[in-house]
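*Asks:* give me the fold of what follows.
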Amino acid sequence: MKNVSRLCHAKPIFTVNGRFPVSTIYVREGDRVLVNVTKHAQCSMSIHWHGLKQFRNGWADGPAYITQCPIKTGQSYTYDFNITGQRGTLWWHAHIFWLRATVYGAIVIMPKPGNPFPFPQPQMEEVIILGEWWNNDVEEIVKQGNKLGLPPNASDARTINGKPGPLFPCSEKWKDIPL
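*Replies:* Model (predicted):
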């Protein structure tokens with residue numbers, strides 16, 4: 001957990017290694033990927049590798065209670081999977097409750113060394129991750145909607161790489177506040 005400020009409002013959020021947004025994971029087609037997750041937060045969760053083909057290793061796909069038991073507080077789990085037949089930029093996120101609101105990132109799969117991209121090489125690349133920000137606790141917002149039989153309230157802002165942009169007050173002056 002870490003206090004993070006957006007839209008002139010600070011709140012504790014779940015983070016990865018104390019970071020929000022998190023670092024992008026870069027791999028190559030054919031790589032074996034090992035990601036060790038140690039859970040310190042006070043709820044169980046797993047990581048889902050959204051869009052990643054899980055050939056012969058579906059247990060590493062991460063949907064909690066579907067292909068994997070959630071990782072309990074104080075426990076660790078190592079995701080172990082191979083990158084087979086894929087190139088491009090995909091997404092990973094927490095997979096339980098609405099933790100995906102802050103625990104998410106990109107995984108960029110580059111071609112094997114010596115193999116070209118299936119398109120002309122761009123001059124530069126930038127990973128762009130779209131997200132949402134709620135000033136209030138997302139789980140409480142979801143519970144409120146469920147009590148009323150409604151979907152949760154819309155987010156207070158959309159984000160690009162974890163930031164709401166210059167149209168919102170305080171967006172240029174945000175800073176992470178250590179606990």
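*Asks:* which residue lies nearest the spatial centre of the chain?
*Replies:* Nearest residue to the geometric centre of the chain (CA atoms, centre = their mean): residue 104, 0.5 Å.
*Asks:* how about the nearest residue to that residue once chain neighbours are set aside, what does it touch?
*Replies:* Nearest non-adjacent residue to residue 104, counting by CB to CB, 6 or more residues apart in numbering: residue 93, 3.9 Å away. Glycine gets a C-beta too; all of them are placed from N, C-alpha and C. Counting by CB atoms under 8 Å, 6 or more residues apart in numbering, residue 93 touches 47, 48, 50, 99, 100, 103, 104, 105.
*Asks:* just the buried subset of those residues, please.
*Replies:* 47, 48, 50, 99, 100, 103, 104, 105 (16 or more other CB atoms under 10 Å).
*Asks:* low-confidence ranges, this structure, go.
*Replies:* 169-179 (pLDDT under 70).
*Asks:* where do the strands of it begin and end?
*Replies:* 2-6, 9-13, 25-28, 32-38, 47-50, 76-82, 88-94, 104-110, 130-133, 157-160, 176-177 (DSSP state E).
*Asks:* gap between the first one and the chain center?
*Replies:* In terms of CA atoms, centre = their mean, to the nearest Å, the centre of strand 2-6 is found 16 Å from the chain centre.
*Asks:* nearest to residue 3 among the contacts of residue 93?
*Replies:* Nearest to residue 3 out of the contacts of residue 93 is residue 103 (CB to CB; 15.6 Å).
*Asks:* contacts only, for that closest one.
*Replies:* 14, 15, 16, 22, 45, 47, 93, 94 are the contacts of residue 103 under CB under 8 Å, 6+ apart.
*Asks:* out of the residues you listed, which is most surrounded?
*Replies:* residue 47 (27 neighbours; other CB atoms under 10 Å).
*Asks:* my guess is that one contacts residue 96. True?
*Replies:* No. In this structure residue 47 lies outside contact range of residue 96 using CB atoms under 8 Å: 9.9 Å.
*Asks:* and stretch 119-139, what's buried?
*Replies:* 129, 131, 132, 133, 134, 138.
*Asks:* and it, end to end?
*Replies:* End-to-end distance for stretch 119-139, by CA to CA, to the nearest Å: 42 Å.
*Asks:* if we can go back for a sec, show me what contacts the residue nearest to the centre of the chain?
*Replies:* Residue 104 makes contacts with 21, 22, 91, 92, 93, 94, 129, 131, as judged by CB under 8 Å, 6+ apart.
*Asks:* what's the spacing between it and residue 14?
*Replies:* As judged by CB to CB, to the nearest Å, residue 104 and residue 14 stand 10 Å apart.
*Asks:* before we move on, what about residue 127?
*Replies:* 21 Å.
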